[in-house]
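# Provided below are the primary sequence and the corresponding predicted coordinates.
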Amino acid sequence: MSWQPIEPHFDELIHAPTRLRIVAALATATDLEFTALEESVGISTSLLSKHLKTLEDGGYVDLEKRPQVFGRPRTWVRLTPSGRRRYLAHVEALRQMLPGPEDMPEVEAPG
């Protein structure tokens, strides 16, 4: 697989604020345990499950149940390669919407 530059693309599915926070958190790691992701994003278990289902159906994330030595299996979440590229393309599209320094109006200091 060869490296390709990220082409900006506004992504409606991950632009929803909660899903954007989920994907941004996942982009910081190889994978995250469900509870850690839940705490990081600061939402309920049911809401996180709902958004992860949407992201999984869209091909953005993979979920994996891993057995534990003690207790119940834990769910781990990771961005798919496609999900990571689509997230980066969305971030680039958002950056292009921001004005550059040359576009900023001059503001006088209060005084």
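Sure thing, it's come through. Numbering: from 1, shown residues only.
# residue ranges of the helices in this structure, please?
12-15, 17-26, 34-41, 45-57, 81-97 (DSSP state H).
# The first one - what's its average pLDDT?
Meaning helix 12-15. Averaging pLDDT along helix 12-15 yields 94.
# Run the chain-centre distance for it.
10 Å (CA atoms, centre = their mean, to the nearest Å).
# Quick one: list the elements packing against that helix.
If contacts are counted by 3 or more CB pairs under 8 Å, 6 or more residues apart in numbering; DSSP states H and E, helix 12-15 sits against helix 17-26, helix 45-57, helix 81-97. (Each C-beta comes from the backbone N, C-alpha and C, glycine too.)
# now swap in the second one and tell me
In terms of contact count using 3+ CB pairs under 8 Å, 6+ apart, helix 17-26 is assigned the packing partners helix 12-15, helix 34-41, helix 45-57, strand 74-79, helix 81-97.
# The last one: which residues count as buried?
By neighbour count, and taking 16 or more other CB atoms under 10 Å as the criterion, the buried residues in helix 81-97 are G83, R84, R86, Y87, L88, A89, H90, V91, A93.
# before we move on, the earlier item: among the helices of the chain, which comes closest to P67?
helix 34-41 (14.4 Å; CB to CB).
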